[in-house]
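K.L.:
Predicted model and sequence below, questions to follow.
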Amino acid sequence: MSALKLKKGASSHSAYDLKDPHAEAIERHTLAVIVDNEAGVLARVIGLFSGRGYNIESLTVAEVDHEGHTSRITVVTTGTPSVIDQIKAQLGRIVPVHEVHDLTAEGPSVERELALFKVSGTGDKRVEALRLADIFRANVVDSTLGSFVFEITGTPEKIDAFADLMRPLGLVEVARTGVAGLARGAN
């Protein structure tokens, strides 16, 4: 036993424990940005993130109104609450941006992602891959004698969990779409 013991309930502080107790926590936010569907808009939005050192975890873009020529950019990013507020404010100042919604802060939302997994294997590993795919409700969209391609939709956490289980069974390749999200409710 060590000669130096802490009393029960006492905390130890070290010079190596340099965490600022007043520092803001890093949060993950999903932002939905409605923009004009025109050349260069996505580059301007991405430029805002890269130019200021903001991280993008996921990015999806698609036209949502053909007649109005608008697209929806869904960005998953991380940062302190003040950084997230800065991102939203700066996005709102970009001219072709019509709306910026923080799905994380505005209330309940639904987020889904689509992923394709190529898994190679034979024998017991092949059987186990099919069993796990069934549990995760993944669909077999391609099959050969030595591999499968599974399609799975769900939360990013579900996709990550499926990938973790497929790795030891022969995961060869993964393609992910990124998060698509909508606010819940009538609005």
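P.N.:
That came in fine, so what should we check first?

K.L.:
packing partners for the longest helix anywhere in the chain?
P.N.:
Longest helix in the chain, counting residues (DSSP state H): helix 156-170. Here helix 156-170 touches strand 109-120, helix 124-135, strand 147-154, strand 171-176, going by 3 or more Cβ pairs under 8 Å, 6 or more residues apart in numbering; DSSP states H and E. Backbone N, C-alpha and C define where each C-beta goes, glycine included.

K.L.:
Turn these into CSV, columns for distance to His98.
P.N.:
Output for those, formatted as CSV (distance: least, Cβ to Cβ, whole Å):
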stretch, distance to His98
strand 109-120, 19
helix 124-135, 40
strand 147-154, 28
strand 171-176, 27
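
K.L.:
what's the closest of those to Ser50?
P.N.:
With Cβ to Cβ as the criterion, Ser50 lies closest to strand 171-176 of the helices and strands packed on helix 156-170, at 20.4 Å.

K.L.:
Show me the domain layout of this structure.
P.N.:
Using automatic domain parsing, the domain parsing of the chain gives 27-102, 109-183.

K.L.:
least reliable of the ones you listed going by mean pLDDT?
P.N.:
Of all the domains of the chain, domain 27-102 carries the lowest average pLDDT, namely a mean of 93.

K.L.:
And that domain, end to end?
P.N.:
By Cα to Cα, to the nearest Å, the extent of domain 27-102 from end to end equals 12 Å.

K.L.:
quick one: contacts of stretch 43-53?
P.N.:
33, 35, 54-56, 59, 73, 75, 77, 86-87, 90-91, 94, 96-97 (Cβ atoms under 8 Å, 6 or more residues apart in numbering).

K.L.:
Which PyMOL command selects the buried ones in those residues?
P.N.:
Provided next is the PyMOL selection string for whichever of the contacts of stretch 43-53 are buried by 16 or more other Cβ atoms under 10 Å:
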select buried, resi 33+35+54+59+73+75+77+87+90+91+96+97
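
K.L.:
Okay then, goodbye and thanks.
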